[in-house]
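Trainee: sharing a sequence plus its predicted fold:
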Amino acid sequence: MKKLIAITSLIAFVAAAFLIQQSASSQNSVWKAKPKRADAVRALVVTGGHDHDSEFYSVFDDDGINAVVDPHPAVFGGDIRKRADVLVLYDMMKTLDEKRRKNLQAFVESGKGVVVLHHAIGNNVDWPWWYEEVVGGRWLFEPVNGKVGSYKHDVDLTIKPAMQHPILKGITTFGIHDETYKDLWISPKVKVLLTTDDKTSDGPVAWISPYEKSRVVYIQLGHDRNANLNPNYQRLVRNAIQWAAGKLN
Ligand SMILES: [Zn+2]
């Protein structure tokens, strides 16, 4: 949860990919995204409002995921239901205007999936429907009942499965170097997928929300390249996207 830095991630990503291709072509090692399967999940990845490493995009380099990156708030300016099967939020925006809220709500209520990553827990903190029903948690920017959100960078964590679930397919206890969050508001109705015992963190670090019209997952992990290049983290996010799309049961 660093300072807000507005960046146009899509442009940066396209430019970075172009530059990598240009510079690598002379070395006969051109970077290319993996070819996508015909049934790949269409993921709409939303960035903005928070800086992030370019390694973030490697999480979606999977033949079962066809990702398009589109920053907020413009992404919510129109109907997004036809553009994607799953919305992946890696942005941070405390509030959204009424028109954009309607487009986001229409997507969620249509039964399509949502995967909320890391600092996107700071989204829509003035919209109870969003954080109570859809996500099942929120960042506390100001104290509520004596609690306020805190974070710590560069923690070596042990992450443990808390239940059996398709999202945890192939995932056992694993280590990760990441940022921790403490004192989030977490709905008592969530189903906790993963936990940690680290004292700088809340116990739950991934959960299924109580929302019933669509599949919604929150994953607290994912601050920087240390997480984004971690094979267990990549698998977790990819599984979450497949599950949210209704393709992993
Ligand atoms: Zn972070």
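Mentor: That came through fine.
Trainee: burial of the residue in the chain that the ion sits nearest to, as a residue count?
Mentor: As assessed by Cβ to the ion, the ion sits closest to residue 223 within the chain, at 3.5 Å. From N, CA and C alone the C-beta is placed, and that goes for glycine too. When neighbours are defined as other Cβ atoms under 10 Å, residue 223 has 26 of them.
Trainee: surely it meets residue 180?
Mentor: No. Using Cβ atoms under 8 Å, residue 223 makes no contact with residue 180, being 9.0 Å away.
Trainee: packing partners of the strand ranked longest in the chain?
Mentor: The longest strand of the chain (DSSP state E) is strand 150-161. Packing contacts for strand 150-161, counted by 3 or more Cβ pairs under 8 Å, 6 or more residues apart in numbering; DSSP states H and E, involve strand 174-182, strand 191-195.
Trainee: would you reformat these as CSV and include distance to residue 132, mean pLDDT and mean neighbour count?
Mentor: Conversion of the helices and strands packed on strand 150-161 to CSV gives the following (distance: least, Cβ to Cβ, whole Å; pLDDT from 0 to 100; neighbours: other Cβ atoms under 10 Å):
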stretch, distance to residue 132, mean pLDDT, mean neighbour count
strand 174-182, 18, 98, 19
strand 191-195, 15, 98, 20
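Trainee: residues from this protein in reach of the ion?
Mentor: Residues of the chain lying close to the ion (Cβ under 5 Å from the ion) are 179, 223.
Trainee: what residue is smack in the middle of the chain?
Mentor: With distances taken as Cα atoms, centre = their mean, the residue of the chain nearest its centroid is residue 117 (2.3 Å).
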